[in-house]
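Visitor: from the sequence below, what's the structure:
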Amino acid sequence: MQAIGHELLKHNSSLKIRYFPAETFGNELISSLKSKTINQFKEKYRQLDCILIDDIQFIAGKEYIQEEFFHTFNALHLSGKQVILTSDRKPSDIKNLEDRLVSRFMGGLTVDIQPPDFEMRSAIISQKAQEKGIELTPEAIQFLADRIQSNTRDIEGKIQEIAVISLSQKLSLVTLEIIENYFEPSSSSSLSSLVSADSKLTPRHIISLCAKHFNLKTSELCGNSRKKELVFARHLTAYLLLNETNLPLKEVGHYLGGRDHTSIMHARDKIQSDISTNPQLRQLINQIKSTF
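Guide: Predicted coordinates:
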């Protein structure tokens, strides 16, 4: 959201742009009603060229706030202005959100932003390390990309911690060995919770290795494509996740793009059935497992 705002200003510095959480809109509306300054409140938002609103789902169930936002949205839209929203789910999945707002939100471009995959995390780690003035070996970058599996903010925080240690110890190069020692469970660092005490094999690592074996991106492996080769690779990955990590079906489904447990169960049963009659499949599974 911040990047969008900066990009708009880069092309036209005279634009009037405002970024705010949806909760701020609600709080200011209530405050304006109490102080009888509702007209100033309306003017404040409706004279903007672009509004960027975070977590719009928080206005759900709040009838008056939804009413006012509906009119603000319409005023901006009819004037050819830009409205950019974020939410933790699709507009149609937000409970207690008025239908007329849902239809307007769905009328624009809706983009599903997933957590970064292994390749993207590696690129982010390299960039953030460079910004912090530290050099990581390729092996260290791969290790970190496999362990830090959440979001960009989390990655940046961990790189900051590593940068502090690197600079304090005057390290010219941060190697895999240094990172592994830093991630040891006995370490006082908060990073230690991200890796198992006795194994480097994580669900994300298995997914990454399977994707690499089939010459796919992890985003493709965990995506929605129903191409035959992708479905087979996905089934095999689900089977390995269940057998190598002992994760429950629901958790495996989460790692594979938010699939439900019945899909994972079907994938497991399909591979198990084929193994008994297909020696090549058994060989393929052993080949992938040898890279773990």
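Visitor: from here on, just use CA atoms for contacts and neighbour counts.
Guide: OK.
Visitor: what packs against the helix or strand of the chain with the lowest mean pLDDT?
Guide: Lowest mean confidence among the helices and strands of the chain (mean pLDDT, DSSP states H and E): helix 176-182, at a mean of 80. Judged by 3 or more CA pairs under 8 Å, 6 or more residues apart in numbering; DSSP states H and E, the packing partners of helix 176-182 are helix 138-147.
Visitor: which stretches in the stretch 1-150 of the chain count as helices?
Guide: Secondary structure of the stretch 1-150 of the chain (DSSP state H, counting those that start in this stretch): helices at 2-11, 22-34, 38-46, 63-78, 99-106, 118-131, 138-147.
Visitor: got it, and the stretch 151-292 of the chain?
Guide: Here the stretch 151-292 of the chain has its helices, by DSSP H, counting those that start in this stretch, at 152-168, 176-182, 203-213, 218-221, 228-245, 249-255, 261-275, 279-289.
Visitor: weakest of these by average pLDDT?
Guide: If the helices of the stretch 151-292 of the chain are sorted by mean pLDDT, helix 176-182 sits at the bottom with a mean of 80.
Visitor: check which residues of it are buried.
Guide: By neighbour count on 16 or more other CA atoms under 10 Å, the buried set for helix 176-182 is Leu176, Ile179, Tyr182.
Visitor: now the most centrally placed residue in the chain, nearest residue through space, not along the chain?
Guide: Residue closest to the mean C-alpha point of the chain, counted by CA atoms, centre = their mean, is Pro115 at 1.9 Å. Nearest in space to Pro115, with sequence neighbours left out and distances taken as CA to CA, 6 or more residues apart in numbering, is Asn151 at 5.9 Å.
Visitor: re the thing from before, JSON lines for the buried residues of helix 176-182, including distance to Phe292?
Guide: Shown next, in JSON lines, are the buried residues of helix 176-182 (distance: CA to CA, whole Å):
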{"residue": "Leu176", "distance to Phe292": "17"}
{"residue": "Ile179", "distance to Phe292": "19"}
{"residue": "Tyr182", "distance to Phe292": "22"}
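Visitor: make CSV from the helices of the stretch 151-292 of the chain and add distance to Leu78 to it.
Guide: As requested, these are exported to CSV (distance: least, CA to CA, whole Å):
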stretch, distance to Leu78
helix 152-168, 35
helix 176-182, 54
helix 203-213, 46
helix 218-221, 37
helix 228-245, 44
helix 249-255, 40
helix 261-275, 44
helix 279-289, 56
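Visitor: closest to Asn243 out of the helices of the stretch 1-150 of the chain?
Guide: helix 138-147 (19.4 Å; CA to CA).
Visitor: which strands and helices sit next to the closest one?
Guide: Judged by 3+ CA pairs under 8 Å, 6+ apart, the packing partners of helix 138-147 are helix 118-131, helix 176-182.
Visitor: between it and helix 203-213, how big is the angle?
Guide: Per axes from the mean of the first three to the mean of the last three CA atoms, to 10 degrees, the angle that helix 138-147 makes with helix 203-213 is 120 degrees.
Visitor: can you give me the pLDDT of Leu101?
Guide: Confidence score, pLDDT, at Leu101: 95.
Visitor: go ahead and confirm it touches Phe70.
Guide: Yes: when contacts are counted by CA atoms under 8 Å, Leu101 is listed as touching Phe70 (6.5 Å).
Visitor: so which of these two has more stuff around it?
Guide: Leu101 (19 against 15; other CA atoms under 10 Å).
Visitor: how far away is that one from Tyr45?
Guide: Applying CA to CA, to the nearest Å, the value for Leu101 to Tyr45 is 17 Å.
Visitor: likewise Lys16?
Guide: Computed as CA to CA, the Lys16 to Tyr45 distance reads 10 Å.
Visitor: so what's Ile155 closest to, chain neighbours aside?
Guide: Leaving aside its sequence neighbours, Ile155 sits nearest to Ile148 (CA to CA, 6+ apart; 6.4 Å).
Visitor: for the one you found, give me the pLDDT.
Guide: pLDDT for Ile148: 79.
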